[in-house]
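> no sequence for this one, just the structure:
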């Protein structure tokens with residue numbers, strides 16, 4: 001039933017890049033089979049492998065390479081790429097009176113490589129909120145949903 005699902009776990013940012021080569025090879029071997037590539041927590045391994053401001057330039061350069069590979073795979077094999085990312089507190093946000101003082105990790109390189117960015121957060125009870133906050137062809141908006149044993153469902157509220 002899940003013949004067209006592949007799963008791999010990366011242990012370093014370099015390993016993450018190697019797995020993209022593997023994914024591209026599988027897409028080439030079996031054209032049209034794969035339609036979605038998910039990278040969960042894209043910045044986690046980069047934050048472990050590159051620490052401190054002294055390694056920031058190297059980290060961002062490697063990140064740019066990964067994002068360029070993802071874009072090439074997406075275009076070459078006509079598949080969607082879905083990336084999850086971490087958020088961090090933005091200490092400067094309180095000075096500008098932002099409602100939510102969090103920002104995504106990865107900087108402008110990650111922001112510019114993304115076509116549509118969706119911010120997911122927990123609402124009241126089982127409710128979750130998805131907010132489109134950057135998209136070239138969709139207005140900023142929110143939708144609520146619940147995650148149930150049967151999958152994703154409309155919010156009760």
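Nice, thanks for sending it over. This is a predicted model, so every value here is computed, not measured.
> name the SS class of residue 27, please.
helix (DSSP: H, G, I helix; E, B strand; the rest coil).
> chain neighbours aside, what residue packs nearest to it?
residue 77 (4.0 Å; Cβ to Cβ, 6 or more residues apart in numbering). For the C-beta atoms, the positions are set from N, CA and C on the backbone; glycine is no exception.
> quick one: the one you found and residue 34, what's the gap?
Distance, residue 77 to residue 34, by Cβ to Cβ, to the nearest Å: 7 Å.
> common neighbours of these two, please.
residue 27 (Cβ atoms under 8 Å, 6 or more residues apart in numbering).
> distance between the helix or strand hosting residue 82 and the chain's centre?
Taking DSSP states H and E as the criterion, residue 82 maps to strand 80-83. Chain-centre distance of strand 80-83: 7 Å, with Cα atoms, centre = their mean, to the nearest Å.
> what's the separation between residue 155 and residue 145?
Taking Cβ to Cβ as the measure, residue 155 falls 6 Å from residue 145.
> list residues touching both of those two?
In contact with both residue 155 and residue 145: 127-128, using Cβ under 8 Å, 6+ apart.
> helices of the protein, residue ranges please.
13-29, 44-49, 56-77, 107-113 (DSSP state H).
> for the longest one, packing partners?
Right, the one you point to is helix 56-77. Here helix 56-77 touches helix 13-29, strand 36-39, helix 44-49, strand 80-83, helix 107-113, going by 3 or more Cβ pairs under 8 Å, 6 or more residues apart in numbering; DSSP states H and E.
> and of these, who's closest to residue 130?
Of all the helices and strands packed on helix 56-77, strand 80-83 sits nearest to residue 130, with 12.6 Å by Cβ to Cβ.
> pull up the pairing partners for the closest one, direction included.
Sheet pairing here is set by DSSP bridges, and for strand 80-83 it gives strand 36-39 (parallel).
> let me see the mean pLDDT of the strand it pairs with.
Across strand 36-39, the average pLDDT comes to 96.
> need the helix or strand of the chain with the lowest average pLDDT.
strand 102-104 (a mean of 77; mean pLDDT, DSSP states H and E).
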